[in-house]
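# sequence and predicted structure, then a few things I'm wondering about:
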Amino acid sequence: MAPRPIRIRRAHAEDDDFILSLTARFVDFELPAWRRRNACANGIRRDLKRALDELPSFENLFLAESAAGERLGFLRLQKTRDFFSGHANCHISDLAVLQGHEGKGIGRALLEYAQAWAKQQRCRLITLAVFPGNARALALYERAGFGPDLLRLAKRVK
C-alpha cells in the first residue's frame, strides 16, 4: 500500500489547540534522572504558547496534514545565527507527530520541509536538540543525516 500524501502548510490560529495538545509527546520517553516529566511538559507548553501568541519574526510554525485535512503533526523552525561563524542557521525548536501516526513518514516529511525551508532561507546548518532517551526521534534524525555538533552535559547541583 502506497503512503498517503502529507501536506505541510503554515500553521494558523485555529491550529493552536492542536499544537498545544501535542506537548505530552515531548516527554513521552525516558528523561534524565534530574528532569521531571510534568515540569518539562509545562515548560514546553509555556514556550509554545508564547510562540503562538507572539509569533516573533524568527519563529515559523508549520502543520502537517493528510490530504483530507486531518492534522498529523507540526514543526517549529527558528532562524538563528551561528555562534562561531555568524552564518544563518535553521533551528528545529519543536517537531511532534500525533500519537498513533508514528512510522508513517510524517516526521520525515516535516524534516524534509525543514531542509527545503532552510535552503530557501540560505541557512548553512539545521540544528536541533533531543533528549538522549528519545530513541525514536534520535533514529529519525540520524536517518535524516543529523549528527553531533555540540554536546550539552548537565550535572545536578548538590
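Cool, the structure landed.

# roughly how far is stretch 109-129 from the heart of the chain?
Once both centres are worked out by CA atoms, centre = their mean, to the nearest Å, stretch 109-129 turns out to sit 11 Å from its chain's centre.

# list the buried residues for it?
Under the neighbour-count criterion of 16 or more other CB atoms under 10 Å, stretch 109-129 has 109-111, 113-114, 117-118, 123, 126-128 buried. C-beta coordinates here come from the backbone N, C-alpha and C atoms, glycine included.

# residue contacts, residue 130?
In this structure, residue 130 makes contact with 137-138, 141, judged by CB atoms under 8 Å, 6 or more residues apart in numbering.

# out of these, flag the one nearest to residue 24.
Looking at those and their distance to residue 24, the nearest is residue 137, at 14.3 Å (CB to CB).

# how far away is residue 24 from residue 83?
Distance, residue 24 to residue 83, by CB to CB, to the nearest Å: 31 Å.

# typo on my end, it should be residue 105
Residue 105 sits 33 Å away from residue 83, taking CB to CB as the criterion.

# what's the helix or strand hosting residue 48 packed up against?
Under the criterion of DSSP states H and E, residue 48 resides in helix 37-54. In terms of contact count using 3 or more CB pairs under 8 Å, 6 or more residues apart in numbering; DSSP states H and E, helix 37-54 is assigned the packing partners helix 16-21, strand 59-66, strand 88-97.

# closest to residue 28 out of those?
Ranking these by their distance to residue 28 (criterion: CB to CB) puts strand 88-97 first, at 9.6 Å.

# what residues are up against residue 62?
Each residue near residue 62 by CB under 8 Å, 6+ apart is listed here: 8-11, 74-77, 110, 113, 117.

# correction: the previous question concerned residue 110.
Under the criterion of CB under 8 Å, 6+ apart, the contact partners of residue 110 comprise 8, 62, 64, 73-75, 95, 97.

# how about residue 133?
Contacts for residue 133 (CB under 8 Å, 6+ apart) come out as 29-32.
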